[in-house]
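Colleague: All I have is the shape, not the residue letters:
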C-alpha cells in the first residue's frame, strides 16, 4: 500500500512499466459475454481496459450489465431495448411500463407513447 492510502497515478504507471505491465483503454460500444447456460451478460457503453503482463492479455470490463436469457427461450419481440428506453423517456414512465405498452401495441412506438400519456 502507498503511504496515506492514496495512490499517485504517475507512480502507479511507473511501477506498472517497471513490472512489464502495459495498459490501454479500449473504446467499446458494447461487450457481450456468453455464459455456459446459454444466457448472456450485455454491457452497453462499458469502460474497458486492456492489460498486458508477462505475455498474457487481460481485459477489465466495468459498467452495468443486463442479463439476457438463452436464445431458444427468448421470445421474438417487435421492439428493442432502445425502443423501450425511448418510450419510457418520452412518456415519462418506467421502462417496465414502457415495455408493457410496447407489448400491447406490438412494438408501435407512437401508439405506446400516446397510450401512456393518455393515462
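Modeller: It's in. Just so you know, these numbers come straight off a predicted model, no measurement behind them.
Colleague: Would you mind giving the domain segments of the chain?
Modeller: 1-70, 75-119 (automatic domain parsing).
Colleague: Mind putting those into TSV with mean pLDDT and mean neighbour count?
Modeller: Yep, even glycine has a C-beta here, placed from its N, CA and C like the rest. What follows is those, written out as TSV (pLDDT from 0 to 100; neighbours: other Cβ atoms under 10 Å):
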stretch	mean pLDDT	mean neighbour count
domain 1-70	85	11
domain 75-119	89	16
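Colleague: tell me the contacts of the residue nearest the centre of the chain?
Modeller: Nearest residue to the geometric centre of the chain (Cα atoms, centre = their mean): residue 43, 2.1 Å. In this structure, residue 43 makes contact with 30-33, 61, 63-65, judged by Cβ atoms under 8 Å, 6 or more residues apart in numbering.
Colleague: and which of the residues you listed is nearest residue 115?
Modeller: Nearest to residue 115 among the contacts of residue 43, counting by Cβ to Cβ, is residue 64 at 28.3 Å.
Colleague: Can you give me the distance of the closest one to residue 53?
Modeller: 27 Å (Cβ to Cβ, to the nearest Å).
Colleague: Sweet, I'm off.
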